[in-house]
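In: Sequence and predicted structure below; questions after.
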Amino acid sequence: MSFTDQPLGLVADHNHLTKIIADSLQDAEDRRGKRRLRPGANQREDLAAHLAWWPAVTLSDSTDGLIPLTALRTTLVEAVIGGLAEDVVRARKNQKTTVSLGDIRRDVVKLIDWYILRAPARTPALFGEICLTARLNLGLDPRDVGALLRRSLHLDSQLDGETVDALLDLALPPSATAATD
């Protein structure tokens with residue numbers, strides 16, 4: 001089975017589940033202590049990989065999977081917008097004319113990573129919705145929001161900096177990219 005054209009998160013979930021299942025099969029064999037149906041290590045790995053595939057797909061399936069990706073996207077948008085709203089309120093309270101945007105919380109960035117790795121084709125819609133909502137509801141410039149997303153992902157993402165930059169260059173709406181990009 002080739003996984004090269006699958007989202008990285010799906011492959012990671014599959015590999016993790018494969019290890020869990022292979023270890024469970026080994027533990028079950030060790031407890032039985034019988035020689036019946038005792039596959040070798042390669043057979044056990046192949047069986048575990050086969051058994052782990054559909055649970056991994058179910059984790060990433062947006063239609064009826066274990067994790068509802070549409071609901072997760074809404075939650076991510078609300079979490080980022082909530083943080084931005086706090087920044088706007090703080091600026092108004094301190095009678096500032098410009099809003100200083102604080103970094104996105106590390107746990108939120110972790111969920112953004114999870115989402116990106118399992119639904120890479122949906123990432124532009126996620127970032128576009130964040131930028132549009134920040135503009136319409138909070139009056140924030142999409143370039144500032146794009147810069148915040150870039151900075152926060154560079155700080156806390158499990159993705160390397162080159163991948164983050166390439167992703168954001170492709171996924172951010174044109175209104176959210178700096179003029180020098």
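Out: It's in. Residues are numbered from 1 along each chain as shown.
In: residues of stretch 129-140 that come out buried?
Out: By neighbour count with 16 or more other CB atoms under 10 Å, stretch 129-140 contains the buried residues 129, 130, 131, 132, 133, 134, 135, 140. All C-beta atoms are positioned from the backbone trio N, CA, C, and that covers glycine.
In: One more: stretch 15-26?
Out: Across stretch 15-26, burial judged by 16+ other CB under 10 Å covers 17, 18, 21, 22, 25.
In: The third one: which element?
Out: Assessed by DSSP states H and E, residue 21 sits inside helix 8-32.
In: low-confidence ranges in this protein?
Out: 1-4, 28-29, 31-41, 58-66, 179-181 (pLDDT under 70).
In: what about the helices in it?
Out: 8-32, 41-60, 69-93, 106-118, 123-138, 142-156, 161-171 (DSSP state H).
In: got the ones you listed as a markdown table, with distance to residue 99 columns?
Out: Output for those, formatted as a markdown table (distance: least, CB to CB, whole Å):
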| stretch | distance to residue 99 |
| --- | --- |
| helix 8-32 | 33 |
| helix 41-60 | 36 |
| helix 69-93 | 4 |
| helix 106-118 | 18 |
| helix 123-138 | 8 |
| helix 142-156 | 8 |
| helix 161-171 | 21 |
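In: closest to residue 178 out of the ones you listed?
Out: Among the helices of the chain, the nearest to residue 178 by CB to CB is helix 142-156 (5.7 Å).
In: Can you spell out which helices and strands pack onto the closest one?
Out: helix 69-93, helix 106-118, helix 123-138, helix 161-171 (3 or more CB pairs under 8 Å, 6 or more residues apart in numbering; DSSP states H and E).
In: is it possible to export these to CSV including distance to residue 148?
Out: Conversion of those to CSV gives the following (distance: least, CB to CB, whole Å):
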stretch, distance to residue 148
helix 69-93, 8
helix 106-118, 11
helix 123-138, 9
helix 161-171, 11
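In: Relative to residue 152, which of those helices is closest?
Out: For residue 152, the closest of the helices and strands packed on helix 142-156 is helix 106-118, at 5.5 Å, according to CB to CB.
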